[in-house]
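S.K.: no sequence for this one, just the structure:
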């Protein structure tokens, strides 16, 4: 047992005794009781069909004789392993993963072919670039894995205290969380007392649900077991933090990689960007081109050699064994040799460059000071750098409301009791149910009272120099309600020895014994407590929850008056809850205890049995009233949504709130405008007419306006196009998503629903369950347009949609860190999404698009002259370029300029990108990697290759080509052989592709100049050294003095300049003509961007004139947001996820 462990643990005792608020050091997931190790799965008594369980023997003590068999089993140790590699398996495992990539595997095969058969090029030409790519990738992945090892070690080596033989022993590695100790064991406060506990724990096997735990503890007293239920309220998860108790004693239930947190780490799936898919498609095309080239050359070789006079020349005479070889084998060998000769058309180094670009580029988000939040002290975090460019392709944004669009900082506004409205500090008027309502809100909650002076180093509760109490809870609503009651005269004091104390208006302390807590869940959408008054002895059931879950269970009370006030507050954007009660007789209470006891002790179907018990208990209620709290809109949330709309994105709000509250928030956040025509697809409407009719009515409405064209056709810019907004609730969505019945003529409603949504500028989905959020995202992803989706949220109930979307973004809010952990990117506030998409996403996509197209282009320029050269050398597989040039072209001469371009290029000023979101439309739908643009780059590469090859060829063929100003003689002409010709072509090639990149660069810095011109200087210096020195390690040196002799010729210089100019001219002309006749919005803005030197306000007017397609501004309804009510579900989602994130002392890595 551990005082504080590092795994999942069950609380046994606390010190001081009481409730825990989220906690842990480094422990297993554990149940507070005392130390023990998991002892093995077994079949539970009375649960013969339930085999998926385990029994933990606390302190390794055997149960009394005759009770159960003692079977000690081994379980994992408590080490957490998030790393992928070890020291021993890194090389084989990493090599296996890298060679699963098509390009790497292809080059490995080429390298092996060069080793096995006689090929025209050295194996070094393929082996060295492949080795470079594999090495760089391995270093990157090894570094990332080393960071994971480092994080694991910090967790696994932190200290833990274990109770052994009545003493506390300090060991390495363990962690704790919030909740209650078991009643029978929480009085044990010393190591000796804890060590004396004789008990076993039966619980379910490890599973990843963080908010579910089913178990029971059997405490042996006089050899007779006393069974007590264990639920999620008893389980401390790895990574929790102790808040209002110094330490606890707990039993380790799950350890190491079996903890719930570890199981959740393993559930994320790999996401692939649209750019990566385009790269793979282009690679297949180029592979086909490569095979075609090799096949054509093989056929032409044998056609050429069919003439006996053109067979192998005397200096390359074949041996007899070669002549006797079968023609098929010879042809296949030649085919492989041509494949080797032309294999450089496949850009193997592109993949490592892309990886480096993504990895290094992700730091620009993390270093962005504008995305730093001073209040939280947090920066943006990149969890997945593979999706950087996807940020520039987003078409749908799915956002949570509470804590994402709103602050999730609740303030009590008013309450309504029997139709009478009360606001803070009002004088009470003695209504019949007035005091009972206030008592209900002071008792029906899970709020804890904190009396310490500091929490997480921040002083709180200080009044006139003395520390006073303040409230903490994982649900901000509950704190707001309890504080609101305090301002109305009823103060919740504490929970002590299972008694809740209240200070009433007469300054008298009232005590109520807390008998049962019927916890909140997202299905019931309510919570209840059963208490007994210490004075009158009356038994009360107080219940609070969403109006939709309370009103159907009410049998009396002023329902209509309260309902009217609830609807009024919802329209104002306030979060509303209803409160009801029921008096219980002693017999009814005994029946309740019997129902709850049977359900809580069940190991199988416990949730179902509890739900049934709660349903029977929470009925025949008397309505007391309702509350309203305010959750303000986040700063600049409305501006962000408006910018996303202008950028062509469709924003959907997915919330658990009631429709009126969510709609008010949507108006305030400018999701809906004053002239937006709202279409409702709700349960209320489907009750009046069938779902089939409602869908077809809505479909006719939107299509009549748009004439059959979707809103995408208009790009959202047309002022004549009616704005439609759709509101749908969870129940109707379930009906829409339900598959059609075979005997039904209703058809598939999904397509009709999607057609309606396509023609709406914004969609609000209210009363959503977490799983429905993911279903909505999946539905849009699978539609025929296959749009790129982004989901953003801050709580545990948003994780499913974050994982489902192409890009998942977590908000560092007050609902814990589960959304952040499961996201691809994390940002402090919703407003930071604007810069992440409109600036960083825009830049990333522009950069990587150029990188991909440029790599294919420069490799076509590189290898197509080699293909043409075969027509002039009798298809003899003679290389055009020297081995050194073949090897270093991609990894030295042309690699750094494009890598730097892909990291720092800014084709337009970032202030303009923020000022004018419509520029985002120019890159939408993967516009820069479409097939026409890819074909253009390929044709451009072929053209440049033809110019380089035939330009040099005709210059060589001219007899006036001289080396010293004189006419060439036969002797001097011999000095200009095939290596000089190849070197001339290669020189023009390197300069052309580098100048091409320079022409495409808009953002020049000293780094650009250094890398671009430096790479050209490096090529010249290398060529001079390579051919100017006799290297002793070379058997032969065919490039000796070739480069220097070529440069000593004036015509050679002239030809280099002319060929570079002729190669670049068509691309320059094409750009000039296109910009003059068909400029994009970006190209119109660029001249202004280049002149921008200071505040952007001076450019605003010019930008507006340039954008003749810009939508005229609309009159937005400015409404004051009274808060965002994500209903108790999302509230408690925050509740569940963030149970101790609101104030941590220390963090831990295991579930306790």
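M.R.: Okay, I see it. In this text the structure is predicted, and so the values were computed from the model without any measurement.
S.K.: now do stretch 607-624, average pLDDT.
M.R.: Per-residue pLDDT values over stretch 607-624 give a mean of 89.
S.K.: outside of that stretch itself, list whatever touches it.
M.R.: 212, 214, 417-418, 433, 436-437, 440, 518, 521, 523-524, 526, 528, 541, 543, 550-551, 553-559, 562, 578-582, 592, 595-596, 598-600, 602 (CB atoms under 8 Å, 6 or more residues apart in numbering). In short, each C-beta sits where N, CA and C put it, glycine included.
S.K.: tell me the buried residues in it?
M.R.: Taking 16 or more other CB atoms under 10 Å as the neighbour-count basis, stretch 607-624 is seen to contain the buried residues 609, 610, 613, 614, 617, 618, 621, 623, 624.
S.K.: what lines up beside the helix or strand encompassing the last one in the sheet?
M.R.: Going back to what we said before, that points to residue 624. Remark: residue 624 resides in strand 621-633, with elements defined by DSSP states H and E. Next to strand 621-633 in the sheet, as set by DSSP bridges, lie strand 406-417 (antiparallel), strand 554-556 (parallel), strand 575-584 (antiparallel).
S.K.: in the second one, which residues are buried?
M.R.: Yep, that's strand 554-556 we're talking about. Buried, per 16+ other CB under 10 Å, within strand 554-556: residue 554.
S.K.: name the next helix or strand downstream of that strand, please.
M.R.: Secondary structure here is assigned by DSSP H and E; on that basis, the next helix or strand after strand 554-556 toward the C-terminus is helix 559-571.
S.K.: now that next one against strand 621-633, angle please.
M.R.: If you take axes from the mean of the first three to the mean of the last three CA atoms, to 10 degrees, helix 559-571 sits at 10 degrees to strand 621-633.
S.K.: other SSEs contacting helix 559-571?
M.R.: If you count contacts as 3 or more CB pairs under 8 Å, 6 or more residues apart in numbering; DSSP states H and E, helix 559-571 packs onto strand 406-417, strand 575-584, strand 621-633, helix 659-668.
S.K.: in it, which residues are buried?
M.R.: Within helix 559-571, the residues that qualify as buried by neighbour count (16+ other CB under 10 Å) are 561, 562, 563, 565, 566, 569, 570, 571.
S.K.: so residue 514 belongs to a helix, correct?
M.R.: No: the assignment for residue 514 is strand, going by DSSP: H, G, I helix; E, B strand; the rest coil, so no helix is present there.
S.K.: give the bridge partners for it, please.
M.R.: The partner list for residue 514 in beta bridges (DSSP bridges) reads residue 531.
S.K.: endpoint to endpoint, stretch 636-656 covers what distance?
M.R.: Counting by CA to CA, to the nearest Å, you get 23 Å between the two ends of stretch 636-656.
S.K.: quick check, central residue of the chain?
M.R.: The C-alpha lying nearest the average C-alpha coordinate of the chain belongs to residue 824 (CA atoms, centre = their mean; 2.3 Å).
S.K.: skipping its backbone neighbours, what lies nearest it in space?
M.R.: Counting by CB to CB, 6 or more residues apart in numbering, residue 824 lies nearest to residue 384, which is 4.0 Å off, once chain neighbours are set aside.
S.K.: quick one, phi psi at that neighbour?
M.R.: Here is the backbone geometry of residue 384 (degrees, to the nearest 10): phi -140, psi 100.
S.K.: just checking, residue 808 touches residue 800?
M.R.: No: in terms of CB atoms under 8 Å, residue 808 does not count as a neighbour of residue 800; the distance is 10.1 Å.
S.K.: neighbour count for the two, which is higher?
M.R.: Comparing residue 808 with residue 800 by other CB atoms under 10 Å, the one with more neighbours is residue 808, at 29 against 21.
S.K.: any idea how far the more buried one lies from residue 977?
M.R.: Using CB to CB, to the nearest Å, residue 808 is found at 60 Å from residue 977.
S.K.: same deal with residue 1051?
M.R.: On the measure of CB to CB, residue 1051 and residue 977 end up 16 Å apart.
S.K.: now the buried members of the contacts of stretch 607-624.
M.R.: 214, 417-418, 433, 436-437, 440, 518, 521, 524, 526, 528, 541, 543, 550-551, 553-554, 557-558, 562, 578-582, 592, 595-596, 599-600, 602.
S.K.: how many neighbours does residue 224 have?
M.R.: As a burial measure, residue 224 scores 10 neighbours (other CB under 10 Å).
S.K.: ok, now residue 275?
M.R.: Other residues near residue 275 come to 26 when the count uses other CB under 10 Å.
S.K.: which residues in the stretch 401-550 of the chain form strands?
M.R.: Listed in chain order, the strands of the stretch 401-550 of the chain (DSSP state E, counting those that start in this stretch) span 406-417, 420-422, 448-450, 454-455, 458-459, 462-463, 466-467, 470-472, 491-496, 499-503, 509-518, 526-533, 539-545.
S.K.: likewise for the stretch 101-250 of the chain?
M.R.: For the stretch 101-250 of the chain, strands defined by DSSP E, counting those that start in this stretch occupy the ranges 159-164, 167-172, 199-204, 215-221, 224-230, 247-254.
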